[in-house]
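build the 3D model from these lines:
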Amino acid sequence: MAQNDVLLRCSNLTKVYDNSVLAVDHLNLNIHSGEIFCMLGANGAGKTSTLMLILGFSDPTEGSVEICGIDVNKNPLEAKKHVAYVSENVQLYGNFTARQNLDFFTKLAGRKDATDEDYKNVLLRTGLAEEAHKRKVKGFSKGMRQRLGIAIAIMKQAKLILLDEPTSGLDPKGGMEFLRLIDDMRKEGCGILMTTHDIFRAKEIADRVGIMSSGNLVRVLEKEEVEKSDLEDLYLQYISQNITHGRIVSGKK
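Residues are numbered from 1 along each chain as shown. I've put the predicted structure just below:
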């Protein structure tokens, strides 16, 4: 892929926490426009720590993150204009309706031109029936909250989408509907980084799959390799290797 379509660039990205635990170890990763990259890894592999570094919620010990060519640590507010984050448990205002949440977060992202019709269309597009638009979110299922999270990302018009275990806890139908949504976003030119435990869905949707263990991206598979390989077996081989996650950095107290 061309270098000018790189939406996310992690260069030697490293995080050592105050207790000297190495969480992310010299990660190098590019995400391109129109690409879904699925990052597989067990709990504690460093996936969420990586997302926090990309979002600028945590400062790197070493290395850098660029979003659309903007250094996250030098220009965090500018960089965040181009990224949207949907967590495993989407944080919304329970006493707001879906429509009110969407309006609030859209304006928070700096968009002032959205119309009622825009809100209605994006909620319908993400699979929220019209009767749900005026319901309070505290009564929503996890799948409905995930759909609203994607609607917020779409309204922000972010180029880079970060998804942390987005299909966890969804039933098969809800999971496949969610993947269709992000596939549509890929076709519109978004770059998507998705962390997941779900090997089956990663194989279905990903353009590339990365296996993370102990803060290391130990293997990256291209689409052709993903389709031809026994991804589950390969994943289990890597995570069973003698790489100890959360190791103490040598010389640190």
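
list the contacts of the spatially closest residue to E62 that is not a sequence neighbour.
On the basis of CB to CB, 6 or more residues apart in numbering, the spatially nearest residue to E62 that is not a chain neighbour turns out to be T14, at 3.9 Å. (Each C-beta comes from the backbone N, C-alpha and C, glycine too.) Contact criterion CB atoms under 8 Å, 6 or more residues apart in numbering gives L22, V24, D25, H26, L27, P60, T61, E62, G63 as the residues in contact with T14.

so T14 is in which element?
strand 6-16 (DSSP states H and E).

quick one: strands adjacent to that strand?
strand 22-32 (antiparallel), strand 62-67 (antiparallel) (DSSP bridges).

out of these, nearest to A129?
Distances from A129 to each of those were compared using CB to CB; the shortest belongs to strand 22-32, at 32.4 Å.

next one: the helix or strand following the closest one to chain centre, how far?
Of the helices and strands lying after strand 22-32 in sequence (DSSP H and E), the nearest is strand 35-40. Remark: strand 35-40 is offset 9 Å from the chain centroid, using CA atoms, centre = their mean, to the nearest Å.

any idea of the mean pLDDT for strand 35-40?
For strand 35-40, the per-residue pLDDT values average out at 96.

same thing with stretch 199-212?
Along stretch 199-212, the predicted local confidence has a mean pLDDT of 91.

now do stretch 144-160
Per-residue pLDDT values across stretch 144-160 average out to 92.

phi first, then psi, for G215.
For G215, the backbone dihedrals (degrees, to the nearest 10) come out as phi 80, psi 0.

can you list the low-confidence ranges for the stretch 151-253 of the chain?
For the stretch 151-253 of the chain, the stretches with pLDDT under 70 are 241-253.

can you pull out the strands in it?
160-164, 191-196, 208-213, 216-222 (DSSP state E, counting those that start in this stretch).
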